[in-house]
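1. need the 3D shape of this:
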Amino acid sequence: MDMDNDGIISFDDVKRVLTPECDSMRLFKEAHLLHS
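-> You can find the predicted model right below:
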């Protein structure tokens, strides 16, 4: 979770992890809906 490896999970670290995750989850759900 600690993206810059300074031992501290900052808000930027969290944003950096969550933003792509949310995007890929949304894409995954949309793709899943299209194929079902």
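2. next, Asp6: phi, psi?
-> phi -100, psi 10 (degrees, to the nearest 10).
3. quick one, grab the pLDDT at it.
-> pLDDT for Asp6: 78.
4. what distance do you get for it to Ser24?
-> 26 Å (Cβ to Cβ, to the nearest Å). Where you see a C-beta, it was placed from the backbone N, CA and C, and this is true even at glycine.
5. quick one, helices of the chain?
-> Remark: helices assigned in the chain by DSSP state H are 11-35.
6. which stretches of it aren't confidently modelled?
-> 1-4, 36 (pLDDT under 70).
7. so for it, the centremost residue is which one?
-> Most central in the chain under Cα atoms, centre = their mean is Glu21, positioned 2.0 Å from the mean C-alpha point.
8. ok, now how distant is it from Leu27?
-> Distance from Glu21 to Leu27, by Cβ to Cβ: 11 Å.
9. neighbours of Ser24, just the number please.
-> Here the count is done by other Cβ atoms under 10 Å, and Ser24 has 10 residues near it.
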